[in-house]
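Student: Any chance you could fold what I've pasted below:
(chains A and B)
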Amino acid sequence: MSTWNPGSRCTACASSTNATSTREPGMSEPEPDIPYRFERSHEASAVVEAWSSLGPGEESGVTVGVAGRLMLTRPQGRFAFAELRDNSGSIQLFGGRAWTADFEAFSKLSLGDWIGARGEVVRTRRGELSVKVSQWELLAVARRNFGDKWRGVSDVEMRYRQREVDLWANERSRQLLQLRSRVVQRMRERLWSQGFVEVETPLLHPVAGGATARPFVTHHNAFDSDFFLRIAPELYLKRLVVGGFDKVFEIGRMFRNEGVSPRHNPEFTMLELYQAYADYRDTMTVFEELVAGLAQDVLGTTQLSYGGRELDLATPWRRATMTELVADATGYTLHVRMPRPDLLRIAGEVGLEVEEGWGAGKILLEIYEKTTETALWGPVFVTDYPAEVSPLARRHRDGPELVERYEPVVAGRELGNGFSELIDPDDQRARFEEQAAKARAGDEEESAVIDEDYLRALEYGLPPTSGFGLGVDRLVMLFGDVANIREVIAFPTLRPDRG
RNA sequence: GCGCCUCUAGCUCAACGGCAGAGCAACGGACUCUUAAUCCGCAGGUUUCGGGUUCAAAUCCCGAGGGGCGCACCA
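Tutor: Residues are numbered from 1 along each chain as shown, chains lettered A, B, ... in the order given. Here you go, the predicted model:
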């Protein structure tokens, strides 16, 4: 449904449902000549900034060229005012019969039209800085109406399906995508400056590994083989460490064939990073300094407000074990070695339905997630996860049932996941097999295949290494103070509109 | 996948069992410094789609589709 039936304001357009339609034969009003380029001298904000001290009624004597889309028009007899917006901001255009070329056409321009205009920078008697237009060129005709000029466009379906309309109408939407761009730019710069090498690993995986999500399946014709869009880059990145890259990272898209929610998009962006000779304590430091530094870079502060609550990302972040945090939240002190009946009783008391095949570690994790995680405002590194639920993490130096793993939790949400990497190929094989057995028992659709390429790489020797993944979309959500992941994705995944 | 809510003009919204409307945009016109300019005029609809109940359906019921939120899965 909801195919947008446009109100064509092009009276010569034959069809109102097809913007590319041609004019009716014989209709007058030929398409205006559109130039191939326009020489712009200033962005709107640069004009506003450079002539901020110009007084009402004063003229600068300087001619500028600006270009953008008309956001408001106020034709008024022998004068015509318009607000021109470009990527940087807005500037008023001041047209007049006495000084503007083709004034009649200028005063008939519509909301949404793109024009390039040249003229002197002046401030009107009423105090509005303006370009007093002498020459102008039409750069694009808006054949379709955009939204209400005052209330904009709020229908979320249109905002996401026709993002160009949303971006035109809602400044906030543009700001969020610009914020995202700055975050990613500074993320790269920070990591490069710390000696990390940026790499690109395959998106097409013969075995979907590195996480437990369901993958998207595709098919390679020449090989007549199925491939999986990657659910995580982890195994390839660690193979690069085996190959001698001791500090690597990748920023890229992951694909997980799971449910869609305000916090989940089927494709999302992750930073994943590995550092040799480091353990999980080291990369916790890398993580917190990166996030706090990015906040400083793009927001100018580590103190932000999210959903109306204050949040300070200044380092160092609290570190607490999962057991401690669950005890704080519930009063129950849990341990993977505690008698199963006790664990089941506590699970029942917190309202958790335990499924068959769950070991103590899984139950412990579920209790944590149900009772504790969403209440953590953080930032806090939740550490020391059960080995059972962490097949790629190295066993804890204090005991083999736990692993040296952490999840940074901010505003009740996991922002990432990191650990001391499991480097022992025999243990890794055993853990893969354990996962595969569990998958078979759980009737999982995807057959858990052992990644022999990865095991072979470990056999060549992976030095002590630690790494983490960081959800870039969620980080931008945090910085931008938005609750829906779609706000920070230019074109979020939507159900195809079948009309 | 399940549950609840929602869909009216290009946009933002009324009408909630009794003639489908407004503002903005668009289109035509007026206007010598406007600021969501103002004023006059004109046009715009299979009320998402398909059934049903009723003398009468945008409105009530059933189904389908899109969207939102929650749950599950997952980051």
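Student: CA only for contacts and neighbour counts going forward, please
Tutor: Fine.
Student: For the stretch 301-450 of chain A, give the residue positioned nearest to RNA strand B.
Tutor: Nearest residue of the stretch 301-450 of chain A to RNA strand B: residue A:414, at 5.3 Å (CA to the nearest atom of the strand).
Student: any bit of stretch A:98-117 sitting next to RNA strand B?
Tutor: Yes. Where contact is defined by CA under 7 Å from any atom of the strand, part of stretch A:98-117 touches RNA strand B, namely A:108, A:109, A:110, A:111.
Student: Find the helix or strand that residue A:417 is a member of.
Tutor: strand A:416-420 (DSSP states H and E).
Student: and what of residue A:434?
Tutor: Assigned by DSSP H and E, residue A:434 belongs to helix A:425-441.
Student: residues in contact with residue A:385?
Tutor: A:321, A:322, A:361, A:365, A:402, A:403, A:404, A:405, A:406 (CA atoms under 8 Å, 6 or more residues apart in numbering).
Student: Relative to residue A:399, how far out is it?
Tutor: Distance, residue A:385 to residue A:399, by CA to CA, to the nearest Å: 11 Å.
Student: in the stretch 351-499 of chain A, which spans are helices?
Tutor: Remark: helices assigned in the stretch 351-499 of chain A by DSSP state H, counting those that start in this stretch are A:360-371, A:425-441, A:452-461, A:472-480.
Student: Name the residues of the first one that are buried.
Tutor: By that I understand helix A:360-371. Buried positions in helix A:360-371, judged by neighbour count with 16 or more other CA atoms under 10 Å: A:360, A:361, A:362, A:363, A:364, A:365, A:366, A:367, A:368, A:370, A:371.
Student: go on, the second one?
Tutor: In terms of neighbour count (16+ other CA under 10 Å), helix A:425-441 has its buried residues at A:425, A:427, A:428, A:429, A:431, A:432, A:433, A:435, A:436, A:439.
Student: List the contacts of it.
Tutor: Taking CA under 8 Å, 6+ apart as the rule, helix A:425-441 contacts A:357, A:391, A:392, A:422, A:447, A:448, A:449, A:450, A:455, A:456, A:458, A:459.
Student: Which segments of chain A make up each domain?
Tutor: What automatic domain parsing lists as the domains of chain A is A:1-31, A:44-140, A:171-317+A:378-488.
Student: Can I get these in a markdown table including mean pLDDT?
Tutor: What follows is these, written out as a markdown table (pLDDT from 0 to 100):
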| stretch | mean pLDDT |
| --- | --- |
| domain A:1-31 | 35 |
| domain A:44-140 | 96 |
| domain A:171-317+A:378-488 | 93 |
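Student: Which one of those lies nearest to residue A:158?
Tutor: The closest of the domains of chain A to residue A:158 is domain A:1-31. By CA to CA, the value is 8.4 Å.
Student: hang on, the earlier thing: can you tell me which of the residues of stretch A:98-117 next to RNA strand B are classed as buried?
Tutor: A:109, A:110, A:111.
Student: Out of the residues you listed, list just those in helices.
Tutor: Among those, no residue falls in helices (DSSP state H).
Student: Filter those down to the ones in strands?
Tutor: The members of those all map outside strands under DSSP state E.
Student: can you put the residues you listed in JSON lines and add distance to residue A:50?
Tutor: Output for those, formatted as JSON lines (distance: CA to CA, whole Å):
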{"residue": "A:109", "distance to residue A:50": "27"}
{"residue": "A:110", "distance to residue A:50": "28"}
{"residue": "A:111", "distance to residue A:50": "27"}
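Student: what's the closest of those residues to residue A:87?
Tutor: Checking these against residue A:87 with CA to CA, the nearest one is residue A:111 at 16.7 Å.
Student: In contact with the closest one, which residues?
Tutor: Applying CA under 8 Å, 6+ apart, we find residue A:111 in contact with A:69, A:70, A:71, A:72, A:73, A:142.
Student: Please convert the residues you listed to TSV, extending it with secondary structure and distance to residue A:130.
Tutor: Shown next, in TSV, are those (DSSP: H, G, I helix; E, B strand; the rest coil; distance: CA to CA, whole Å):
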residue	secondary structure	distance to residue A:130
A:69	strand	15
A:70	strand	14
A:71	strand	14
A:72	strand	14
A:73	strand	13
A:142	coil	23
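Student: and RNA strand B, which of the residues you listed reach it?
Tutor: Okay, of these touching RNA strand B (CA under 7 Å from any atom of the strand), that's A:72, A:73.
Student: closest point of the stretch 351-499 of chain A to RNA strand B, which residue?
Tutor: For the stretch 351-499 of chain A, CA to the nearest atom of the strand, closest residue to RNA strand B: residue A:495, 3.6 Å.
Student: List the residues that contact that residue.
Tutor: Residue A:495 is in contact with no residue at all, counting by CA under 8 Å, 6+ apart.
Student: so residue A:141 makes contact with residue A:113?
Tutor: Yes. Counting by CA atoms under 8 Å, residue A:113 is a contact partner of residue A:141 at 4.9 Å.
Student: that older thread, ok, now how distant is the residue of the stretch 301-450 of chain A closest to RNA strand B from residue A:181?
Tutor: 22 Å.
Student: Give me the more crowded residue out of the two.
Tutor: residue A:414 (20 against 13; other CA atoms under 10 Å).
Student: Wait, that one touches residue A:408, no?
Tutor: Yes. Taking contacts as CA under 8 Å, residue A:414 lies within contact range of residue A:408: 5.9 Å.
Student: Name the nearest residue to the residue lying farthest from the centre of chain A, sequence neighbours excluded.
Tutor: Computed with CA atoms, centre = their mean, the residue of chain A farthest from its C-alpha average is residue A:98, at 49.5 Å. Among residues not flanking residue A:98 along the chain, residue A:78 sits closest, at 7.8 Å (CA to CA, 6 or more residues apart in numbering).
Student: And that neighbour, how close does it get to RNA strand B?
Tutor: As judged by CA to the nearest atom of the strand, to the nearest Å, residue A:78 and RNA strand B stand 5 Å apart.
Student: My guess is that residue contacts residue A:99. True?
Tutor: No. Between residue A:78 and residue A:99 there is no contact under CA under 8 Å: 10.2 Å.
Student: more crowded one of these two?
Tutor: residue A:99 (15 against 12).
Student: residues contacting that one?
Tutor: A:133, A:134.
Student: In a helix, it, correct?
Tutor: No. Per DSSP: H, G, I helix; E, B strand; the rest coil, residue A:99 lies outside any helix segment and is coil.
Student: And it, how far from RNA strand B?
Tutor: 11 Å.
Student: Then residue A:93?
Tutor: Separation of residue A:93 from RNA strand B (CA to the nearest atom of the strand) stands at 8 Å.
Student: What is whichever strand or helix holds that residue packed up against?
Tutor: Using DSSP H and E, residue A:93 sits within strand A:90-96. If contacts are counted by 3 or more CA pairs under 8 Å, 6 or more residues apart in numbering; DSSP states H and E, strand A:90-96 sits against helix A:44-50, strand A:79-85, helix A:103-106, strand A:129-140.
Student: switch to 7 Å and redo it
Tutor: helix A:44-50, strand A:79-85, strand A:129-140 (3 or more CA pairs under 7 Å, 6 or more residues apart in numbering; DSSP states H and E).
Student: and that strand, C-alpha only, in PDB?
Tutor: The C-alpha trace of strand A:90-96 is given here as PDB (Å, rounded to 0.1, in the frame of the first residue of the first chain):
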ATOM      1  CA  SER A  90      20.200  28.700   4.900                       C
ATOM      2  CA  ILE A  91      20.400  32.200   3.400                       C
ATOM      3  CA  GLN A  92      17.700  34.500   2.300                       C
ATOM      4  CA  LEU A  93      17.400  35.500  -1.400                       C
ATOM      5  CA  PHE A  94      16.100  39.000  -2.100                       C
ATOM      6  CA  GLY A  95      14.700  39.500  -5.500                       C
ATOM      7  CA  GLY A  96      13.300  42.700  -7.000                       C
END
